[in-house]
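> missing the sequence, but the structure's below:
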């Protein structure tokens, strides 16, 4: 397994976690996926270490929050660079390794907000919507090679960032039910399960999409959102 990311502390924490779950070999690489040359160097190291690649998961998300009058051209460019072009770069660089493998999958992490949009996150949702389109097109173009490409769309998940926001609102940041009520009250968020999701619940769906067990699903966007969107 290879883990690419910009933050050394996060990489080390992820390495420890996957190693504890039984990963036999974990390669961690500092890489800014907005830098084409850095991506190509990192993928070359993956090639040297493993010789092929069965699954590529693109999980980078743009961080630009704000409405139409809040964001300048640079912020829009940064949102699309991180949210869309990063996946394009890594996919392009990894295709030779995926083609060498006996089976291959690509999973792009989008968001359920692409279905109903969010004006306060206009650049974020635009970038994720574009990534959903890239996913569909890759699925169609790579299908004849039996490379399956799907998207996983998380809803409101109790990540570290969201947990901090829930705590700042005076609720228990570790409680998915309390966190849900905060988002419901402040932002009108709805989920039929009446709780937030957990990172592990999203990870399980990504794992299936990236595995050999997924043998006949491509071009799909799977909502992991507790019943926020049924379309």
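Happy to help now that I have it. The structure presented is a predicted model; accordingly, all values stated were derived computationally and were not measured.

> those strands in this structure, which residues are they?
2-5, 27-30, 55-58, 104-109, 147-154, 221-224 (DSSP state E).

> Please name every helix or strand in contact with the fourth one.
Meaning strand 104-109. Packing contacts for strand 104-109, counted by 3 or more CB pairs under 8 Å, 6 or more residues apart in numbering; DSSP states H and E, involve strand 55-58, helix 86-100, helix 122-142, strand 147-154, helix 199-209. To be clear about C-beta, it is placed using only N, CA and C from the backbone, and glycine gets the same treatment.

> now swap in the last one and tell me
Packed against strand 221-224 by the contact rule (3+ CB pairs under 8 Å, 6+ apart) you find strand 147-154, helix 199-209.

> Switch the ones you listed over to JSON lines; also include distance to residue 20, mean pLDDT and mean neighbour count.
What follows is the helices and strands packed on strand 221-224, written out as JSON lines (distance: least, CB to CB, whole Å; pLDDT from 0 to 100; neighbours: other CB atoms under 10 Å):
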{"stretch": "strand 147-154", "distance to residue 20": "23", "mean pLDDT": "97", "mean neighbour count": "25"}
{"stretch": "helix 199-209", "distance to residue 20": "13", "mean pLDDT": "97", "mean neighbour count": "16"}
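
> Compare the ones you listed and give me the one nearest residue 103.
strand 147-154 (8.5 Å; CB to CB).

> And the contacts of that closest one?
Residues outside strand 147-154 that contact it (CB atoms under 8 Å, 6 or more residues apart in numbering): 98-99, 104-112, 114-115, 131-132, 135, 138-139, 142, 197, 202, 205-206, 209, 214-215, 217-225.

> now these: which count as buried?
98, 104-112, 114-115, 131-132, 135, 138-139, 142, 197, 202, 205-206, 209, 214, 218, 220-225 (16 or more other CB atoms under 10 Å).

> Pull up the gap between residue 49 and residue 167, please.
40 Å (CB to CB, to the nearest Å).

> again, but for residue 134
For residue 134 relative to residue 167 (CB to CB), the value is 35 Å.

> Tell me which of those two has more neighbours.
For residue 134 and residue 167, the more surrounded residue by other CB atoms under 10 Å is residue 134, and the numbers stand at 20 against 15.

> So that one sits against residue 84, correct?
Yes - the pair residue 134 / residue 84 is scored as a contact, 6.5 Å apart, by CB atoms under 8 Å.

> what pLDDT does the closest residue to residue 139 other than its chain neighbours get?
Leaving out its chain neighbours, the residue that sits closest to residue 139 by CB to CB, 6 or more residues apart in numbering is residue 219, at 3.5 Å. What the model reports as pLDDT for residue 219 is 98.

> now the one 3 residues further on
What the model reports for residue 222 is a pLDDT of 96.

> who's it bridged to?
Beta-bridge pairing for residue 222 (DSSP bridges): residue 152.

> residue contacts, it?
150-153, 205, 209.

> try 7 Å this time
150, 152-153, 205, 209 (CB atoms under 7 Å, 6 or more residues apart in numbering).

> any idea how far it is from residue 146?
Counting by CB to CB - residue 222 and residue 146 are separated by 20 Å.

> what does residue 169 give?
Note on residue 169: its distance to residue 146, by CB to CB, is 47 Å.
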